[in-house]
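1. could you work out the structure for the sequence below:
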Amino acid sequence: MSEPTSPLAIADYRKFWLSRFCAVIATNGMVVIIGYQLYDVARSAYGMSIARASFQLGLLGLAQFVPIFILTPIAGVVADRFDRRYVAGASMSVDLLIATGLAISTMTGLRSLPLLFGFAALHGTVRVFQGPALNAIAPNIVPAALIPRAIALNSIAFQAGGVIGPAAFGFLFATHHAVPYCTSMVLYALAAITLIRIRSLPPPPPEARRTNPIRQIVGGFQFVWNDRFLLGCITLDLFAVILGGATALLPVYARDILHVGPAGLGQMRAAPALGAAVVALWLSFRPMEYNVGVKMLLAVAAYGAATIAFGLSRDLELSLMFLALLGAADMVSVFIRSSLIQLNTPDEMRGRVSATSGLAISASNELGEMQSGVAASLLGAIGAVVFGGVAAIVVTAMWARLFPEIPRARTFAPQYRETTT
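-> Residues are numbered from 1 along each chain as shown. Next comes the predicted model:
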């Protein structure tokens, strides 16, 4: 029997990909609707001003980040000690229950800020356990030679789900407010059942059960802190996205600035993922090879410029274009940064550095939403978005000076690391 030439030729991988795709659609779509409902409830039921309601969106990001920050070490232990199919499947089942609760509360009109915050925090908790377990399954079912292609296909599932979920759920919400959550229930059920049908995975090595995840993460932090090149790469994205994130305020733009409602919100949430997916597809055929450090800095600056342009736009089509450009620039930055981090990290440290990088990514996304909400309460939504874009450009210029190792990176070759003494 000949060896498979594509991960899609492997039945277990097809099940895994379908499960991941369904879960990404359900998660991205549900998060968009929760944000819109929370903002709408704050404005209509609680009579909050735009500034105060915008601040609630910031708190929503914080509610999802806190469990990620606290439970990441525990999630790593669970993923290493138990069957990852059941860990991920169980988390999807809990997400199904969350979607059920949101559907019932929406149909009965029992919407309130504490209820929505509670469901959002629970969803953030579930994501902590689902991510590590799901990401670790592919290497167990795909031959080593096909892992790079599997990673590329996983990215396609993630980006495509990021486009389909927000756009589809925005339209579904416009037809009936409970329909998106009912759709999530079906998708999570399909994702969990499909994942469980994957053949039994090999048990983790005995040493994995003895690993102290807290010590691993601390070690990763220490290694990154003492390596100027890695520290610069990771913190550039961390601070640029924290300061320049505009997605948390999209409900404000949809309801009170562009006046396009939930359907327009779905399109706006999907636009960055669409731009990122197009660039990811292009990079799979024409990967970057030279002047990668400078290109990463330019991509982050372009991200900030697109954020400013979106913040000032008053036309939906223009706003969608700028959001797509924002996502495209972010994809370039992510591609270069991820490659540089992986290739400039010793193999024995990659797991811990990846954990540190993953926590930084979560911090940039969720804390970015918190920052946007606070800034909007002080500057207004438009002022907050424009300020964030300007801040991202300023951070890029500062990091080019503070970490000259980054612009000196001509290729992905691991020859630029400089560890502090």
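
2. what's the separation between Ser184 and Pro272?
-> 21 Å (Cβ to Cβ, to the nearest Å). For glycine as for every other residue, the C-beta is placed from the backbone atoms N, C-alpha and C.

3. ok, Leu57 next?
-> 17 Å.

4. again with Ser319
-> Counting by Cβ to Cβ, the gap between Ser319 and Pro272 amounts to 11 Å.

5. can you list the domains in the chain?
-> With domains defined by automatic domain parsing, the chain comprises 8-211, 212-421.

6. want to throw those into CSV with mean pLDDT and mean neighbour count?
-> Converted to CSV, those look like this (pLDDT from 0 to 100; neighbours: other Cβ atoms under 10 Å):
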stretch, mean pLDDT, mean neighbour count
domain 8-211, 84, 19
domain 212-421, 78, 20
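
7. now do the contacts for Asn28.
-> The contact partners of Asn28, by Cβ atoms under 8 Å, 6 or more residues apart in numbering, come to Gly161, Gly162, Gly165, Pro166, Phe169, Arg269, Ala273.

8. shouldn't the fourth one be in contact with Arg269?
-> What it means is Pro166. Yes - with contact defined as Cβ atoms under 8 Å, Pro166 reaches Arg269; the gap is 3.3 Å.

9. if I look at these two, which residues touch both of them?
-> By Cβ under 8 Å, 6+ apart, the residues touching both Pro166 and Arg269 are Asn28, Val32.

10. quick one: which of the contacts of Asn28 sit in strands?
-> Among the contacts of Asn28, DSSP state E puts none in strands.

11. and those residues, which two are the farthest apart?
-> Phe169 and Ala273 (12.9 Å; Cβ to Cβ).

12. return the member of the contacts of Asn28 nearest to Val260.
-> Arg269 (11.9 Å).

13. please enumerate the helices of the stretch 51-200 of the chain.
-> Using DSSP state H, counting those that start in this stretch, the helices found in the stretch 51-200 of the chain span residues 84-108, 113-135, 138-141, 147-175, 179-196.

14. with distance to Ala302 as added columns, please give those in a markdown table.
-> Putting the helices of the stretch 51-200 of the chain into a markdown table (distance: least, Cβ to Cβ, whole Å) gives the following:
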| stretch | distance to Ala302 |
| --- | --- |
| helix 84-108 | 34 |
| helix 113-135 | 28 |
| helix 138-141 | 31 |
| helix 147-175 | 18 |
| helix 179-196 | 32 |
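
15. out of those helices, which is closest to Ala400?
-> Nearest of these to Ala400, taken as Cβ to Cβ: helix 147-175 at 27.5 Å.
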